[in-house]
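Enquirer: Below are the sequence and a predicted model; questions follow.
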Amino acid sequence: QVRHLDHQMIIFDRRMGGFDKAPCCTFGYRNTNAKFQQTYTKGSIHHTFFVRGHQDGTVVLWDFRNVKNIVTKRQSQLTQSVVHTVVSDGHVVTFGDGVVTFLNDFLHS
């Protein structure tokens, strides 16, 4: 995770060199207030998918094969800030503001 409004995630392929080379993949999500906020949010990987919650309560899913397009995005009704996200077998669990939210069949929506 890096400090950038649109590209918070940067992925490097170590087979192509070190971290001094250009990243093979960059992506991110600009939240609704469109200003940078320091965050320490954990995302999760499942096969070719990466899911991450954000401080505005949005949970976003990307596919590493095409990170320019968001696969799906959902807004949490129960919490304003999602700080930890876990994906397993198509289901997503988020935690934020003391609330645990289960998003069943998130990968299939």
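Expert: Alright, I've got the coordinates.
Enquirer: Check the gap between the residue nearest to Thr41 when sequence neighbours are not counted and Val99 for me.
Expert: Among residues not flanking Thr41 along the chain, Val83 sits closest, at 5.4 Å (CB to CB, 6 or more residues apart in numbering). C-betas here are computed from N, CA, C, even on glycine. Separation of Val83 from Val99 (CB to CB, to the nearest Å): 11 Å.
Enquirer: quick one, phi psi at the spatially closest residue to His91 that is not a sequence neighbour?
Expert: Excluding the flanking residues, the one nearest His91 by CB to CB, 6+ apart is Asn104, at 5.3 Å. The phi/psi pair for Asn104 (degrees, to the nearest 10) reads phi -70, psi 140.
Enquirer: so how many other residues sit close to Asn104?
Expert: 10 (other CB atoms under 10 Å).
Enquirer: all strands for this protein, in order.
Expert: 9-11, 25-27, 43-46, 49-53, 58-63, 70-75, 84-88, 91-96, 99-103 (DSSP state E).
Enquirer: To Gly17, which of the ones you listed lies closest?
Expert: Closest to Gly17 of the strands of the chain is strand 9-11 (CB to CB; 13.4 Å).
Enquirer: which other residues reach the closest one?
Expert: For strand 9-11, the external contacting residues (CB atoms under 8 Å, 6 or more residues apart in numbering) are 1-2, 23-28, 43, 50, 52, 64.
Enquirer: what sits against the residue nearest the centre of the chain?
Expert: In the chain, the C-alpha nearest the mean C-alpha coordinate belongs to Arg52, at 2.5 Å (CA atoms, centre = their mean). Counting by CB under 8 Å, 6+ apart, Arg52 makes contact with 9, 29, 41-44, 59-60, 85.
Enquirer: Got the confidence number for it?
Expert: Looking at Arg52, its pLDDT is 88.
Enquirer: Write down the beta-bridge partners of it, one by one.
Expert: Taking DSSP bridges, one obtains Gly43, Val60 as the residues bridged to Arg52.
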